[in-house]
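Novice: Got a predicted structure here, sequence first:
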Amino acid sequence: MRVVIVDDDINSIRTVKQALEMFEDVEVVGSFCTGAGLFENLMDLRADLVILDIELKNESGFQIARKLKSRYDELLFIFLTGYASYAIDGYDFHPVDFLTKPIRKEKLASAIEEVRKRLGFHKEDSDAEILFRLNNGYRMVHARDICGIERRNRRNIMILEDEELQIGRYTMKELQDMLDPHGFFLCHQSFLVQVKRISSVYDEDRQQYFLKLRGYDQPIPVSRNKYKELISLLKKVGYVSL
């Protein structure tokens with residue numbers, strides 16, 4: 001993903017660049033303090049996304065966006081603003097998102113994920129990296145390294161092969177929305193599991209269902225109302241014998 005930043009504040013440009021460094025598939029190919037500089041170079045930069053400050057000193061970011069849309073209809077926008085009230089005026093340009101300064105990493109990660117979807121190279125496999133909020137910061141985790149997530153004693157515990165990690169106070173619905181595109185399944189109200197890691201599903205007794213995951217040696221419960229859905233899903237991905 002090729003990104004251009006337009007902001008008349010050098011420190012703001014530097015901050016955005018640093019925030020984008022956590023995404024392996026994002027390359028900042030240019031940064032400009034004026035619309036003139038952007039238009040002079042944009043064709044050669046072959047940008048996918050422009051991160052554009054709304055409040056430039058001598059021009060409006062919306063005016064720049066209007067010119068860009070007339071020339072590069074496929075170009076995507078993320079608007080930067082110090083005031084959330086500006087967002088109302090910007091929806092005519094169908095931006096990916098509005099980011100309020102100072103930029104929150106989690107909000108930026110969500111916006112970049114939406115850009116991936118619109119560009120058509122959204123990572124739906126386990127190679128994707130996902131930003132998770134922790135109690136004391138943030139952490140990028142490869143989806144392939146996650147065995148599952150358990151809701152345990154009102155805490156969210158991410159199960160990795162070599163550690164268990166307490167993550168932020170997400171609801172299970174929020175976690176499901178984050179992980180569903182990357183091959184995860186909500187098998188129980190307290191468990192999200194990576195489908196590719198399922199090694200077996202079994203009925204222990206009286207329709208009490210469990211599954212086992214590669215990389216995690218504890219049995220995981222499967223709700224009765226999720227069992228048939230899970231078996232159907234496993235058949236689709238190649239577990240024909242189940």
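Specialist: Cool, got the structure. Given the structure is predicted, the values throughout are model-derived calculations rather than measurements.

Novice: average pLDDT across stretch 51-65?
Specialist: Mean pLDDT, computed over stretch 51-65, is 88.

Novice: Buried residues of that stretch, list them for me.
Specialist: 51, 52, 53, 54, 55, 56, 61, 62, 64, 65 (16 or more other CB atoms under 10 Å). (Glycine included, C-beta is placed from N, CA and C.)

Novice: Quick check: end-to-end length of that stretch?
Specialist: End-to-end distance of stretch 51-65 (CA to CA, to the nearest Å): 10 Å.

Novice: re the thing from before, redo the buried residues of stretch 51-65 as a markdown table? Include distance to residue 199.
Specialist: Below are these laid out as a markdown table (distance: CB to CB, whole Å):
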| residue | distance to residue 199 |
| --- | --- |
| 51 | 43 |
| 52 | 48 |
| 53 | 50 |
| 54 | 51 |
| 55 | 55 |
| 56 | 56 |
| 61 | 52 |
| 62 | 54 |
| 64 | 54 |
| 65 | 51 |
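
Novice: Just checking, which helix or strand of this structure averages the lowest pLDDT?
Specialist: helix 87-90 (a mean of 48; mean pLDDT, DSSP states H and E).

Novice: how about the buried residues of stretch 51-65 in TSV, adding secondary structure and distance to residue 180?
Specialist: Formatted as TSV, these follow (DSSP: H, G, I helix; E, B strand; the rest coil; distance: CB to CB, whole Å):
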residue	secondary structure	distance to residue 180
51	strand	27
52	strand	31
53	strand	33
54	coil	33
55	strand	37
56	coil	39
61	helix	34
62	helix	35
64	helix	36
65	helix	32
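
Novice: wait, which of these is closest to residue 133?
Specialist: Lowest distance from residue 133 to those (CB to CB) belongs to residue 51, with 21.9 Å.

Novice: Run through the bridge partners of residue 77.
Specialist: residue 50 (DSSP bridges).

Novice: Surely it touches residue 65?
Specialist: Yes: using CB atoms under 8 Å, residue 77 is in contact with residue 65, at 5.8 Å.

Novice: pLDDT averaged over whatever helix or strand residue 178 lives in, what's the number?
Specialist: Under the criterion of DSSP states H and E, residue 178 resides in helix 172-179. Helix 172-179 shows a mean pLDDT of 90.
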